[in-house]
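Visitor: Here's my sequence, what's the structure:
(chains A and B)
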Amino acid sequence: MDLNYGAEYEDFRKEVQAFCKEYQGVSFKSDSNVVADTLSGSSTTKKSKKEVTRSEWQQILIEKGYIARAIPKEYGGYGGETDIIKSRIIATEFSKAKVPGGMGGQGIDMLVPTLLEWGSEEQKQKYIRPTLHGEMIWCQGYSEPNAGSDLASLQTKGELIDGNWVINGQKIWTSTAQYSQMMFCLVRTEPQAPKHSGISFILIPMDTPGIEIRPLVDMTLKAGFNEVFFDDVTVPEENIVAKRGEGWSVANSVLGHERGSLADPNATMNRLNTLINMMKEQTIDGRRLIDIPSYRDRLMQVQGKVMASQAHSLRLLSSKINPGQNVKLGGMIQKLVGTELRHELEGLAIDVLGEIGTLYEDSPYLKEDGSFQFTYMYFLGLIIGGGTNQIQKNIISERGLGMPKEPKVTEAS
Amino acid sequence: MFFGLSEEQEQFQDYVKKFLADNVTVDEIRKIANGEDEALAKEIYSGLINLGINALLVPEEHGGLGADLLSAVAVAQGLGSGVGPIPFAGAYVMAPIAINLAGSDEQKAKYLPQIVSNETKFGVGLSEYVAAREDAGIDLSGGKANGKALFVIDGDEADYFLLANKGGVLFLVDAKDKGIEITKLTSVDKTRSYLELNLKNVAAEILPGSESNPEIAKKVLDAGRIIFAADSLGASESMIEKAVSYAKERKQFNRVIGSFQAVKHMCAEMASDLEPCYAMLWQAAHSFDHEPDEARLQACQAKSHISEVAKMVSKKATEVHGGMGFTDLLGLHYWFKRIGLNRQLLGGPELIREEAAEIQGFNQ
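Guide: Model prediction:
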């Protein structure tokens, strides 16, 4: 066991700390894309010394190499080496100092890695830079009303007619479709092929005629999804990523990026600290919430789980830099465990607040801007989304524990 | 940066696991638990001593291996996974740590080499310090100990007992002292010994460091708790393996039951709750030796959290085995009971969480 990163990294940490000090309290002008701050665990609502736009902030972070670190300069990245320890230091220090990180979203987290792995040179040149800089927002067109957990049964159809893809069908659960310039979309282009090999990965400008976006409000009433309808939507043939029928492989190769990012242990630790402070401040009948033994015991239980998941993330980090270190199930459980834990933590905050915990939106007596209720519900969404936690359990038991798949139902009546 | 057990630690753990797998089948555990084969029990005990598990925590200057607590954790995981029916947490972890931290130079020079040679065996009872029952408790005055020590572990063949009073003063008594009356307690877990000691004017050899520094008793307690957490983690790992392999074999409705999602999901839940416990445990052990500021909280949280996860695993893994899981024939209950005893030793989860809150100044 050696928890030291070494002198080089401690120097790097100091550099990041200095940066965080300089930009403490930075806030965003209103060009911002909707990024719920509670989700990254950082708060940018306080009055600030510095105001920047989201894209300016992206630019600053890329120049320092704090984001897009391993993405080549020619595509608008920092052009450095992948360094997982540095990434960890950056995440930890930003989180500690409550300095906002870079933008997330489908484009940066999912599409950029996809294009780097599968895209043509032209596609890389055209899309990666504006995406990294927050100038091109992407949405993901995967799920359909009849293709949820069984995603590979999707039916949105793409036909190649006169050098163009003509697309018809419907997508659902499409976050940020209303702000997006582009969609990366899974489309059935080979109807004769077996279901997993009949899908292609196609890039669609959202201003193409024939696209209709209908909002689908979620239970938080704040964030939202959309339904997206395609009626003879026509895009050039070269908008396909990889070959015809390879879409399923393309999509799967980056799904891991999403699942890993859904429950950041640093953010969970920040929320735990927020909860602890609140329980020290708020009182019932003059008694601090933390002095009520049953509340305190639940807090300690959640703290135990948070500590376990923090230690676990260090073990995962170690396994990435020490080849041969076997963490068999380690990565597979992150989405399941992380989302359930966060949901439990936010739910505890609501319980200890009691009636005050039910307040929402702009109500008087609201605590922490109502973020406990919002995040409690939002994480229920994440428990369902990104591969439901039941699907996660299938994956863990089949791929992690080597248990057999459920036999296929041969004939649906 | 490397987070985990070192190659040597893993290897040591593998030796322990392999020894138990090769020598201690369920039938043998049953014989030992029922007290039917003392020769076998001794053979297994000496086999594990031959691996050197007794010498781990004794400093090199006293002839030991001078290893850190993480190495003992690696061993304890192995013992838990094979429900090793031998003394460990008390005799070879808490006793050497207590003597090394609180003993005088003479005491160290006398006892520590004897732990390495296994000539002197220590039973350990800290219940009076952790959570004294109404009719227990020890009065320590004029070099004599009077009172009752409950739930003494590792004491069956002990030559000395390491005990503590409520104030955390650690002391040794000679098991042959005429003033000691020893009563065997019967816990559900028959793989380990459990005693009650009644002390009347027993000569008490105080470990002087513990009188001047009350933190030492806490340190000994932390070590014990971490080791019991490790034992439960090892036992849980083993129960999951057994459940998964049973589910891959057993057929009902013309299918292996492991292909039913109801069964698979129980296995996935066990595995995903247990997986982060490894890192939590190792970090607690690492902090014990290297990060003193965080060590107490981590020891408390590791013991209470892992006890909770292990309880869940012991229940679900038994359920996956169906009716067979409930039988003595299969012997899965030895693991179930091992986890059950570990959970309560040196404080159950609720007590320890309250202590964890205190450490952080949460309760006023």
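Visitor: Can you mark which positions in whichever helix in chain B runs longest are buried?
Guide: Secondary structure of chain B per DSSP state H: the longest helix is helix B:215-249. Residues B:216-240, B:242-244, B:246-247 are the ones in helix B:215-249 that count as buried (16 or more other CB atoms under 10 Å in any protein chain shown). Using the backbone N, CA and C atoms, a C-beta is placed for each residue, glycine as well.
Visitor: out of those residues, which touch chain A?
Guide: Restricting the buried residues of helix B:215-249 to those near chain A by CB under 8 Å from any CB of the partner chain leaves B:240, B:244, B:247.
Visitor: and stretch A:374-385, C-alpha only, in PDB?
Guide: Presented in PDB, the C-alpha positions along stretch A:374-385 are these (Å, rounded to 0.1, in the frame of the first residue of the first chain):
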ATOM      1  CA  PHE A 374     -34.300  17.800  -6.700                       C
ATOM      2  CA  THR A 375     -31.300  15.500  -6.400                       C
ATOM      3  CA  TYR A 376     -33.200  12.800  -4.600                       C
ATOM      4  CA  MET A 377     -35.600  12.600  -7.600                       C
ATOM      5  CA  TYR A 378     -32.800  13.200 -10.200                       C
ATOM      6  CA  PHE A 379     -30.900  10.200  -8.900                       C
ATOM      7  CA  LEU A 380     -34.000   8.100  -9.100                       C
ATOM      8  CA  GLY A 381     -33.800   9.000 -12.800                       C
ATOM      9  CA  LEU A 382     -30.200   7.900 -13.000                       C
ATOM     10  CA  ILE A 383     -31.100   4.700 -11.200                       C
ATOM     11  CA  ILE A 384     -33.400   4.000 -14.100                       C
ATOM     12  CA  GLY A 385     -31.400   5.600 -16.900                       C
END
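Visitor: where's it relative to the chain centroid, distance-wise?
Guide: The chain centre lies 12 Å from the centre of stretch A:374-385; the measure is CA atoms, centre = their mean, to the nearest Å.
Visitor: residue in the stretch 51-200 of chain B nearest to chain A?
Guide: Nearest residue of the stretch 51-200 of chain B to chain A, counting by CB to the nearest CB: B:Leu70, 5.8 Å away.
Visitor: thought that residue was touching B:Ser287?
Guide: No: look at B:Leu70 against B:Ser287 with CB atoms under 8 Å: they stay out of range, at 9.9 Å.
Visitor: one step back: quick one: name whatever helix or strand follows the helix or strand hosting the residue of the stretch 51-200 of chain B closest to chain A.
Guide: Using DSSP states H and E, B:Leu70 sits within helix B:69-81. The first helix or strand that comes after helix B:69-81 along the chain, using DSSP H and E, is helix B:95-102.
Visitor: That next one to helix B:215-249, inter-axis angle?
Guide: Between helix B:95-102 and helix B:215-249, the angle comes out at 160 degrees (axes from the mean of the first three to the mean of the last three CA atoms, to 10 degrees).
Visitor: Now do helix B:95-102: which elements does it pack against?
Guide: Helix B:95-102 is packed against helix B:105-117, strand B:160-164, helix B:209-212, helix B:215-249, with contacts defined by 3 or more CB pairs under 8 Å, 6 or more residues apart in numbering or on different chains; DSSP states H and E.
Visitor: Now tabulate these in JSON lines and tack on mean pLDDT and distance to B:Glu196.
Guide: Shown next, in JSON lines, are the helices and strands packed on helix B:95-102 (pLDDT from 0 to 100; distance: least, CB to CB, whole Å):
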{"stretch": "helix B:105-117", "mean pLDDT": "98", "distance to B:Glu196": "24"}
{"stretch": "strand B:160-164", "mean pLDDT": "97", "distance to B:Glu196": "11"}
{"stretch": "helix B:209-212", "mean pLDDT": "97", "distance to B:Glu196": "23"}
{"stretch": "helix B:215-249", "mean pLDDT": "98", "distance to B:Glu196": "18"}
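Visitor: Pull the residues that contact whichever strand in chain A runs longest.
Guide: If you go by DSSP state E, chain A has its longest strand at strand A:224-236. Around strand A:224-236, the neighbours that count as contacts under CB atoms under 8 Å, 6 or more residues apart in numbering or on different chains are A:139, A:141, A:156, A:163-175, A:177-178, A:183, A:202-205, A:208-218.
Visitor: just stretch A:15-24 next, same as before
Guide: A:49-50, A:60, A:64, A:66, A:89-90, A:93-94, A:96-99.
Visitor: With stretch B:234-248 instead?
Guide: Residues contacting stretch B:234-248 (CB under 8 Å, 6+ apart): A:401-404, B:76-83, B:256-258, B:263-264, B:266-267, B:270-271, B:274, B:277, B:309-310, B:313-314, B:316-318, B:320-321, B:324, B:332, B:335-336, B:338-339, B:342.
Visitor: how about the residue of the stretch 51-200 of chain A found nearest chain B, what does it touch?
Guide: Closest residue of the stretch 51-200 of chain A to chain B, CB to the nearest CB: A:Ile85 (6.6 Å). Going by CB under 8 Å, 6+ apart, A:Ile85 touches A:5, A:9, A:317, A:321, B:1.
Visitor: Contacts only, for the third one.
Guide: Going back to what we said before, that points to A:Leu317. The contact partners of A:Leu317, by CB under 8 Å, 6+ apart, come to A:84-85, A:88, B:1, B:3.
Visitor: Which ones among the residues you listed map onto helices?
Guide: Those of these mapping onto helices are A:84-85, A:88, per DSSP H.
Visitor: Show me what counts as buried in the longest helix along chain A.
Guide: Ranked by residue count and defined by DSSP H, the top helix of chain A is helix A:293-321. By neighbour count on 16+ other CB under 10 Å, the buried set for helix A:293-321 is A:295-319.
Visitor: Helices of chain B, start to end?
Guide: B:7-23, B:26-33, B:38-50, B:69-81, B:95-102, B:105-117, B:127-130, B:209-212, B:215-249, B:261-290, B:292-320, B:322-325, B:333-344, B:349-359.
Visitor: do the last one and chain A meet at all?
Guide: Yes: with CB under 8 Å from any CB as the measure, helix B:349-359 is seen reaching chain A through B:350, B:353-354, B:356-357.
Visitor: Now do the buried residues in that helix.
Guide: B:349, B:351-357, B:359.
Visitor: Ok, the second one next?
Guide: Along helix B:26-33, these residues count as buried under the neighbour rule (16+ other CB under 10 Å): B:26, B:28-33.
Visitor: would you turn these into TSV with distance to chain A and pLDDT?
Guide: Below are the buried residues of helix B:26-33 laid out as TSV (distance: CB to the nearest CB, whole Å; pLDDT from 0 to 100):
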residue	distance to chain A	pLDDT
B:Val26	22	95
B:Glu28	28	95
B:Ile29	25	95
B:Arg30	28	96
B:Lys31	32	95
B:Ile32	31	94
B:Ala33	29	93
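Visitor: would you turn these into TSV with distance to A:Tyr23?
Guide: Shown next, in TSV, are these (distance: CB to CB, whole Å):
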residue	distance to A:Tyr23
B:Val26	62
B:Glu28	65
B:Ile29	61
B:Arg30	66
B:Lys31	68
B:Ile32	64
B:Ala33	63
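Visitor: quick check: domain ranges of the chain?
Guide: Here I'm looking at chain A. Annotated domains of chain A cover A:7-103, A:138-246, A:262-400 [automatic domain parsing].
Visitor: wait, chain B
Guide: If you go by automatic domain parsing, chain B breaks into B:7-117, B:122-212, B:215-359.
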